[in-house]
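Trainee: pasted the sequence and its predicted model underneath.
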Amino acid sequence: MHQHSQQLGDLQKRQLKIENRLDNEIVPKINVLFDAFELRGDQIEKLQKHLDERLDVITMDVNFLMGKTARMDTALVEMRRAK
């Protein structure tokens, strides 16, 4: 009975040691990793928004240039016919 009592006491000490390590080392590290993950997600979201805005501007510029090129082509064809 004494031996079982001693083993139980040893197990309780180990359990307490594990609980303390979880509370003092592992849980804070997990929290930091989670915070970093959320931060990275926010950064990616902001970057996506910025890139979408830039793509919209580039699309408008390309559409403008295509329209202008088409008008110039038409004007060039008309000038050649006029000769």
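Mentor: Alright, I've got the coordinates.
Trainee: contacts and neighbour counts: CA atoms only from here.
Mentor: Will do.
Trainee: show me which helix runs longest in the chain.
Mentor: Among the elements of type helix in the chain, defined by DSSP state H, the one spanning the most residues is helix 27-82.
Trainee: rounded mean pLDDT for that one, please.
Mentor: The predicted model assigns helix 27-82 a mean pLDDT of 96.
Trainee: same for that helix, what does it pack against?
Mentor: Under the contact criterion of 3 or more C-alpha pairs under 8 Å, 6 or more residues apart in numbering; DSSP states H and E, the helices and strands touching helix 27-82 comprise an empty set.
Trainee: centre of the chain to it, how far?
Mentor: 18 Å (C-alpha atoms, centre = their mean, to the nearest Å).
Trainee: same deal with stretch 64-83?
Mentor: Relative to its parent chain, stretch 64-83 has a centroid offset of 46 Å by C-alpha atoms, centre = their mean.
Trainee: got the CA coordinates for that stretch in PDB?
Mentor: What follows is stretch 64-83, C-alpha atoms only, in PDB (Å, rounded to 0.1, in the frame of the first residue of the first chain):
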ATOM      1  CA  PHE A  64      -8.300  53.500 -72.500                       C
ATOM      2  CA  LEU A  65      -5.200  52.700 -74.600                       C
ATOM      3  CA  MET A  66      -7.200  50.100 -76.600                       C
ATOM      4  CA  GLY A  67      -9.900  52.600 -77.400                       C
ATOM      5  CA  LYS A  68      -7.400  55.300 -78.300                       C
ATOM      6  CA  THR A  69      -5.600  52.800 -80.600                       C
ATOM      7  CA  ALA A  70      -8.800  51.800 -82.300                       C
ATOM      8  CA  ARG A  71      -9.700  55.500 -82.900                       C
ATOM      9  CA  MET A  72      -6.200  56.100 -84.300                       C
ATOM     10  CA  ASP A  73      -6.500  53.100 -86.600                       C
ATOM     11  CA  THR A  74      -9.800  54.300 -87.900                       C
ATOM     12  CA  ALA A  75      -8.400  57.800 -88.400                       C
ATOM     13  CA  LEU A  76      -5.400  56.300 -90.300                       C
ATOM     14  CA  VAL A  77      -7.700  54.300 -92.500                       C
ATOM     15  CA  GLU A  78      -9.800  57.400 -93.300                       C
ATOM     16  CA  MET A  79      -6.600  59.400 -94.100                       C
ATOM     17  CA  ARG A  80      -5.400  56.700 -96.500                       C
ATOM     18  CA  ARG A  81      -8.800  56.600 -98.300                       C
ATOM     19  CA  ALA A  82      -8.800  60.400 -98.500                       C
ATOM     20  CA  LYS A  83      -5.500  60.400-100.500                       C
END
